[in-house]
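Asker: For reference, the sequence and a predicted model appear below.
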Amino acid sequence: MQIDPAAPPWTGPSVNAVRPHLDAPFAELYECGLFGGWDSSPPVSMEQHYWPARSTRSQYRRQVPSRDSQGELHGNGARRFGAARLPKNPGEVARWHAGVDLGGEHLDMVVACQSGTVAEIITFHLGTWAMMVQNDCNALVFSYNEIQAGSWKEFNIKKGSKVVAGQPLARIGLMNGKSSMLHFEIYQTGTTRTHGWKQAGSRPGVLRDPTKYLLYVAACGA
């Protein structure tokens, strides 16, 4: 399969450095279809995994915003999983960041990390949309968020479409004409909508922490 543009280089911390202490479970590597040792032996995957934001323009490239076990911050702290989100407008509530923001520019290509089925395509945030894909090998739902409205039609994608790892899904959107990125979330099997994580409430039970998986794909994925 030809993917354009080429995968950006990895710019993150070492793949075994990040183990944040957050009130949410990781999407562990064995759950994501990766088998073998995380620290000492090369993982073995059922298929090639792909970095989802195919950008040659973004300064962040394959950076995974995160905090390692020594407390050192890698990348933009506001973009990591579990970062605080304070109210900016009347009626908003304080919340925690439910995903990880990956570098990308408006209309950069978004591809499937793994093979699966498009479970839902929904409106998301500030004029952007989200595509939720349930993976074949593990049944986890990867949510590719802040994508351009209607951009999936360019690739003949719709709800129910079968996709293979590396297949183009959509393009990165522009939030109310101001900023662009790929907001990546992971959920348990069967999830068909995104879930906000309010500071005043408990963490959504279906929400997973994608940090560890993204670190692996940043270093080892296509």
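Answerer: Yep, that arrived.
Asker: Have a look at the protein and report the helix or strand with the lowest mean pLDDT.
Answerer: Scoring the helices and strands of the chain by mean pLDDT, DSSP states H and E places strand 44-45 at the bottom, with a mean of 50.
Asker: Which helix or which strand is home to Leu214?
Answerer: Assessed by DSSP states H and E, Leu214 sits inside helix 211-220.
Asker: In that helix, which residues are buried?
Answerer: Within helix 211-220, the residues that count as buried by 16 or more other CB atoms under 10 Å are 211-220. Any C-beta I mention is one placed from the backbone N, CA and C, and that applies to glycine too.
Asker: and what of stretch 153-165?
Answerer: For stretch 153-165, burial by neighbour count (16+ other CB under 10 Å) applies to 155, 157, 161, 163, 165.
Asker: Ile186 is in contact with Phe142, correct?
Answerer: Yes - contact criterion CB atoms under 8 Å: Phe142 and Ile186 qualify, at 5.9 Å.
Asker: more neighbours, those two?
Answerer: Between Phe142 and Ile186, counted using other CB atoms under 10 Å, the more crowded position is Ile186 (28 against 25).
Asker: who's that one bridged to?
Answerer: Going by DSSP bridges, Ile186 is paired in beta bridges with Phe142, Arg208.
Asker: Who are the contact partners of the most centrally placed residue in the chain?
Answerer: Nearest residue to the geometric centre of the chain (CA atoms, centre = their mean): Phe184, 2.2 Å. The contact partners of Phe184, taken as CB atoms under 8 Å, 6 or more residues apart in numbering, are 52, 99-102, 142-145, 210, 214.
Asker: Angles on the backbone of it, please.
Answerer: phi -110, psi 130 (degrees, to the nearest 10).
Asker: repeat for Arg79
Answerer: According to degrees, to the nearest 10, Arg79 has phi -100, psi 0.
Asker: Can you give me the distance of Glu185 to Asn89?
Answerer: 22 Å (CB to CB, to the nearest Å).
Asker: Those two: which is more packed in?
Answerer: Glu185 (24 against 5).
Asker: any idea how far the more buried one is from Glu72?
Answerer: 24 Å.
Asker: What of Gly103?
Answerer: From Gly103 to Glu72 the distance is 20 Å (CB to CB).
Asker: can you check Pro204 too?
Answerer: Counting by CB to CB - Pro204 and Glu72 are separated by 28 Å.
Asker: do the same with Ile186
Answerer: 24 Å.
Asker: before we move on, what about Gln114?
Answerer: 29 Å.
Asker: Neighbour count: these two, which is higher?
Answerer: Taking neighbours as other CB under 10 Å, Gln114 and Glu72 compare with Gln114 leading, 28 against 11.
Asker: The more buried one - nearest residue in space that isn't next to it in sequence?
Answerer: Excluding its sequence neighbours, the residue lying closest to Gln114 (CB to CB, 6 or more residues apart in numbering) is Asn135, at 4.5 Å.
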